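Q: Any chance you could fold what I've pasted below:
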Amino acid sequence: MSKDSYEQQTRSSAGISPDQASIGSGTKRSSVSSGGKARDRKEFLRRFVDIKTFTSTLEDWFEAISDSSGPETFDVPFELVELQKFDYALEGVSFQQLIRMPSAIYASTSDGVETTAFLAIEDFLHASVKGLWEAFWSDGEPLPFYVACLHDKNMKFYQSERAIANGKLEGLCAAAILLKNAKHPHGKWDEVLELALLTPDIGTLAVEGARLPSLSILGEALYFAVRMMLSRSLSKNSFLQSPSPVFVLLVDSQYAGVIKVEGDVSKLKLNVNNVYESATEWIKQHSNISMSPIDKIWNKLGNANWGDIGALQVLFATYHSIMQLAGMPKQSIEDLAADHSSRLQARRIERQLADTTVNGHGLFQHQHRHGSPEIVEVPDESSRREKVEPMKLETGSVLWLEELNYQKGYQISEIRNDGELTYYIAFSVEDPGKSLFLYIGSHPSQVEPAWEDMNLWYQVQRQTKVLTVMNQKGISGKYLPQLVASGKITHSSHSRRSSFSDDCNHPWWGTPVLVTSPVGETVTDMVRSSCFGSDEAIKCCHDCLSALSTASSFGVRHGDIRPENVICITSGVGHPYFVLIGWGHALLEERDRPAMNLHFSSTYALQEGKLCSASDAESLVYMLYFCSGGDLPELDSVEGALQWRERAWSRRLIQQKLGDISAVLKAFADYVDSLCGTPYLIDYDIWLRRLKRHICEDDHGKDIDISG
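A: Numbering: from 1, shown residues only. Presented below is the predicted three-dimensional model:
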């Protein structure tokens, strides 16, 4: 547009009729030209239908901005401080979990990809507008908006499921949030709040660090922006901001970005004989375009990353779009964000109170692991008991166990230590070909055992009880340990048994022993030898979840997930697999309490001293995070451990680390994050199916997976 033409329109806005330039007659009166302008805008919109033609007219402009200097071609629509305040305001807002997912990984055709993507975009937009409406505007009023998909041939909106069922998938190009209007089931353009374009592979911009999308993508976004703004200028609806900006989202199966277009459409030259050149000239001269960086809003498995900056940008654009039509919110961002400090302080107070109200035998028992000042030795000769010599076994030693009046011999072949306790690899004298784990408890004469002996009690006596109960309930599986034998020591020697009197006089006589199978290398050892890569992490996650799923279906929870309690089985199997061991702290009854570990215990376990439905899964996420190279923090208190968890989840450190390994592990971490501290049951089946797809195993069919 020439400078003279621009100045003429500027003078028009100051008092001269703005319709004169667009209509082409300076002699018409304002009231007449106003009606003529509305007719011209309707005719302009009727002819403004070819996206490709419009895009081609933008080529020179696109080349110019592509060659422009500076780190960013467009400004960002939102400042970081705005997004941070908005993030604080959303702390208490609940967004629906997405049911339909944009998983395009295993789709065999492009139609399959687009089908799931459109369904997912609808769900994402619906969850966004519903959550924001209820948080900021609603006082019990029903949601006045709905979501539908756009067909580019007739510019009408359809529910995606119905459009796909009617064979209209090929023409679908976008999804939109619209104002509900029973008189117009296919939508009106002036009632479109926000439009989301399905732009496959938009995520490559984020991966490659590109400044601009391609001309075809940007041209399509600007085409719909112009159409929305022109339609609003003809609308009877009262959009508060005049001229009101429009937001167009660029979305694919993982990423999204926000394009904001604003400008006065009264300055659009309504040349109905060349609508595309007119629109392009308006874009060049009178529009202001801003664009956010392309960031993840969900992952390949469809879990929405509501706390990621990419999702915050989309939500903030949706917030502004609602405000244009619904007016100022009843709850402001500032009011909700102001509660951030009070919410944080309330959590700290709760944890501080927990520290003072729980006794040493409850939640924070682990803080007194190395002795208590209340326990002192009384040098009373009359109460002195003969000390039992420490258990010293060597490779080749043979232990004889009595179980139900039947004696079995086990020979030690290897001695191991998990950092706290010693355990053994042995084989049965009767069946020397099979290796077994052998755990030896503390001597029954230890009436007041030290903490190490308590650990032995959990490792042997308590685990024996748990495994026995699991056997009685029929809880078994490939990824669970098998109880082989349990009993008491009758004798230990390098040779065959001695006499019964010798057994009774032996200092270890009566010491409880537990024998389990299978035998494998702990994850701790795998990490130490750099053998725990991405494939192992995915397989470990699958197998541990399978074990937890089997146990939880019978009301049993593990409660002590850590690298020392997961072993990898490689000997004698076609494909290595993981087994979840260490069930001594498992919860069988409501009164049972889990083990406390500052690095691996769930948030709920540290706060409440018990497990919720997702606690074991949360501990598994921490284990995978640390074993996959996540920074191991120095933690010396429950408060410090809780603060680390809060920072790690809020900054998405865990999800990002696991996402570097595999999208499926990030998806699982996202899912667990959304369940932390809630009573909702974790859906094991869906995650087992997803993880199974990522496990590379040849010779399918030779191994039987009985994980369920």
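
Q: Can you get me a residue count around residue 176?
A: Using other C-beta atoms under 10 Å, residue 176 is surrounded by 27 other residues. Backbone N, C-alpha and C define where each C-beta goes, glycine included.

Q: Just to check, it is in contact with residue 150?
A: Yes: Residue 176 is in contact with residue 150 according to C-beta atoms under 8 Å; the separation is 6.0 Å.

Q: Just the element for residue 425, please.
A: Element membership of residue 425 [criterion: DSSP states H and E] is strand 422-428.

Q: neighbouring strands for that strand, and are they parallel or not?
A: strand 406-417 (antiparallel), strand 435-440 (antiparallel) (DSSP bridges).

Q: Overlap of the contact sets of residue 176 and residue 150?
A: 157, 195 (C-beta atoms under 8 Å, 6 or more residues apart in numbering).

Q: and the closest residue to residue 308 other than its chain neighbours, how many residues sit next to it?
A: Leaving out its chain neighbours, the residue that sits closest to residue 308 by C-beta to C-beta, 6 or more residues apart in numbering is residue 296, at 5.7 Å. Burial of residue 296 is recorded as 22 neighbouring residues (other C-beta under 10 Å).

Q: before we move on, what about residue 146?
A: The number of residues packed near residue 146 is 18, by other C-beta under 10 Å.

Q: surely it meets residue 182?
A: No: counting by C-beta under 8 Å, residue 146 sits too far from residue 182 to count as a contact (10.9 Å).

Q: So, low pLDDT: which residues of the stretch 351-500 of the chain?
A: Within the stretch 351-500 of the chain, the segments meeting pLDDT under 70 span 351-392, 403-405, 444-453, 491-500.

Q: hey, where'd the helices end up in it?
A: 451-457, 463-473, 500-505 (DSSP state H, counting those that start in this stretch).

Q: What of the stretch 151-300 of the chain?
A: Under DSSP H, counting those that start in this stretch, the stretch 151-300 of the chain gives helices at 160-165, 203-208, 215-233, 275-286.

Q: same question, the stretch 501-650 of the chain
A: So, for the stretch 501-650 of the chain - with DSSP H, counting those that start in this stretch - the helices run 523-528, 534-552, 603-608, 615-627, 638-650.

Q: out of these, nearest to residue 282?
A: helix 638-650 (42.6 Å; C-beta to C-beta).

Q: Quick one: list the elements packing against the closest one.
A: helix 333-357, helix 603-608 (3 or more C-beta pairs under 8 Å, 6 or more residues apart in numbering; DSSP states H and E).

Q: Could you rerun that using 10 Å?
A: helix 333-357, helix 603-608, helix 615-627, helix 653-661, helix 663-675 (3 or more C-beta pairs under 10 Å, 6 or more residues apart in numbering; DSSP states H and E).

Q: and those, which is most packed in?
A: Of all the helices and strands packed on helix 638-650, helix 615-627 carries the top mean neighbour count, a mean of 26, counting by mean count of other C-beta atoms under 10 Å.

Q: relative to helix 653-661, how tilted is it?
A: For helix 615-627 against helix 653-661, the angle by axes from the mean of the first three to the mean of the last three C-alpha atoms, to 10 degrees is 60 degrees.

Q: ok, residue 667 touching residue 98?
A: No: applying C-beta atoms under 10 Å, one finds residue 667 not in contact with residue 98, separated by 11.3 Å.

Q: one step back: comparing the strands paired with strand 422-428, which stretch has the densest surroundings?
A: strand 435-440 (a mean of 21).

Q: ok now do residue 122, which residues does it touch?
A: Shown in contact with residue 122 (C-beta atoms under 10 Å, 6 or more residues apart in numbering): 98, 100, 146-149, 159-161, 175-177, 196.

Q: Out of those residues, which is nearest to residue 517?
A: Distances from residue 517 to the contacts of residue 122, taken by C-beta to C-beta, are shortest for residue 98, at 41.8 Å.

Q: ok, the closest one - contacts?
A: Applying C-beta under 10 Å, 6+ apart to residue 98 gives the contacts 119-120, 122-124, 126-127, 298, 302-304, 306.

Q: Of these, which is the nearest to residue 490?
A: Closest to residue 490, out of all of the contacts of residue 98 and judged by C-beta to C-beta, is residue 303, at 55.1 Å.

Q: And residue 232, how far from residue 151?
A: 21 Å (C-beta to C-beta, to the nearest Å).

Q: on that earlier part again, in the strand holding residue 425, what counts as buried?
A: Buried residues in strand 422-428, counted by 16 or more other C-beta atoms under 10 Å: 423-424, 426-428.

Q: Including distance to residue 625, could those residues go into a markdown table?
A: Rendered in a markdown table, the data for the buried residues of strand 422-428 read as follows (distance: C-beta to C-beta, whole Å):
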| residue | distance to residue 625 |
| --- | --- |
| 423 | 26 |
| 424 | 31 |
| 426 | 34 |
| 427 | 36 |
| 428 | 38 |
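
Q: ok, which pair from those is furthest apart?
A: So, these by C-beta to C-beta: farthest apart are 423 and 428, at 16.5 Å.

Q: correct me, but residue 85 touches residue 339?
A: No: Residue 85 is beyond contact range of residue 339, at 11.9 Å (criterion: C-beta under 10 Å).

Q: Quick check: end-to-end length of stretch 417-425?
A: Terminal residues of stretch 417-425 lie 11 Å apart, using C-alpha to C-alpha, to the nearest Å.

Q: List the buried residues in stretch 157-174.
A: 157-158, 160, 163-164, 168-169, 172-174.

Q: For my notes, please list the residues you listed in a markdown table and give distance to residue 663 for each entry.
A: A markdown table is the format used below for the buried residues of stretch 157-174 (distance: C-beta to C-beta, whole Å):
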| residue | distance to residue 663 |
| --- | --- |
| 157 | 31 |
| 158 | 31 |
| 160 | 24 |
| 163 | 28 |
| 164 | 25 |
| 168 | 30 |
| 169 | 25 |
| 172 | 25 |
| 173 | 26 |
| 174 | 25 |
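
Q: Using a markdown table, lay out those together with distance to residue 695 and pLDDT.
A: What follows is the buried residues of stretch 157-174, written out as a markdown table (distance: C-beta to C-beta, whole Å; pLDDT from 0 to 100):
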| residue | distance to residue 695 | pLDDT |
| --- | --- | --- |
| 157 | 41 | 87 |
| 158 | 39 | 84 |
| 160 | 32 | 75 |
| 163 | 36 | 70 |
| 164 | 31 | 75 |
| 168 | 37 | 67 |
| 169 | 32 | 72 |
| 172 | 34 | 82 |
| 173 | 36 | 85 |
| 174 | 36 | 88 |
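
Q: Strands of the stretch 101-250 of the chain, start to end?
A: 145-151, 156-158, 172-179, 192-198, 246-251 (DSSP state E, counting those that start in this stretch).

Q: Show me this structure divided up by domain.
A: 36-335, 393-491+507-519, 522-699 (the TED database).

Q: Give me the below-cutoff pLDDT ranges for the stretch 101-250 of the chain.
A: Using pLDDT under 70, the stretch 101-250 of the chain drops low at 101-114, 168, 209, 237-243.

Q: change it to 50
A: Within the stretch 101-250 of the chain, the segments meeting pLDDT under 50 span 104-110, 240-241.

Q: closest to residue 557 among the buried residues of stretch 157-174?
A: residue 160 (39.8 Å).

Q: Lovely, talk soon.
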